[in-house]
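> generate a structure from the sequence data that follows.
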Amino acid sequence: MSIERTVLAFAGAMILISLGLAHFVSPAWLWLTAFVGLNLFQSAFSGFCPLAIMLRKLGLKPACAIKP
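Modelled structure (predicted):
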């Protein structure tokens, strides 16, 4: 799996987990959802993603091209 797909899968999982926690535990968990969304938004414009940096250091390879 490429870095890009791993970042998307991780972000999606974090959003779903935080929504579940907000429903069953406390609405304050929605702040995690907001944080993940804002991080995705800023990385789309700046290209900076801390998770991508960590995944690269762990040995994952970036995607060579976006497939339609």
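
> how about residue 48, phi and psi?
phi -90, psi 120 (degrees, to the nearest 10).

> pLDDT below threshold where in this protein?
65-68 (pLDDT under 70).

> contact partners for the residue nearest the centre of it?
What sits nearest the mean C-alpha location of the chain, by Cα atoms, centre = their mean, is residue 11, with 2.7 Å. Going by Cβ atoms under 8 Å, 6 or more residues apart in numbering, residue 11 touches 36, 39-40. Heads up, the C-betas are built off the backbone N, CA and C, glycines and all.

> with residue 56 instead?
Here residue 56 is in contact with 3, 62 (Cβ under 8 Å, 6+ apart).

> so which strand or helix has it?
helix 50-57 (DSSP states H and E).

> okay, that helix in PDB with CA atoms only?
Extracted in PDB, the C-alpha atoms of helix 50-57 (Å, rounded to 0.1, in the frame of the first residue of the first chain):
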ATOM      1  CA  PRO A  50       3.100  14.500   9.500                       C
ATOM      2  CA  LEU A  51       1.700  11.000   9.000                       C
ATOM      3  CA  ALA A  52       3.200  10.800   5.500                       C
ATOM      4  CA  ILE A  53       6.600  11.700   6.900                       C
ATOM      5  CA  MET A  54       6.300   9.000   9.500                       C
ATOM      6  CA  LEU A  55       5.200   6.400   7.000                       C
ATOM      7  CA  ARG A  56       8.000   7.300   4.700                       C
ATOM      8  CA  LYS A  57      10.500   6.700   7.500                       C
END
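
> can you give the distance from it to the centre of its chain?
11 Å (Cα atoms, centre = their mean, to the nearest Å).

> now stretch 35-50
Distance, centroid of stretch 35-50 to centroid of chain: 8 Å (Cα atoms, centre = their mean).

> try stretch 51-68
On Cα atoms, centre = their mean, the centre of stretch 51-68 falls 13 Å from the chain's centre.

> now stretch 17-29: buried residues?
18, 21-22, 29 (16 or more other Cβ atoms under 10 Å).

> same question for stretch 49-68.
Result for stretch 49-68 [16+ other Cβ under 10 Å]: buried residues 49, 52, 55, 60.

> and the residues you listed as JSON lines, adding distance to residue 6?
Below are these laid out as JSON lines (distance: Cβ to Cβ, whole Å):
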{"residue": "49", "distance to residue 6": "11"}
{"residue": "52", "distance to residue 6": "8"}
{"residue": "55", "distance to residue 6": "6"}
{"residue": "60", "distance to residue 6": "6"}
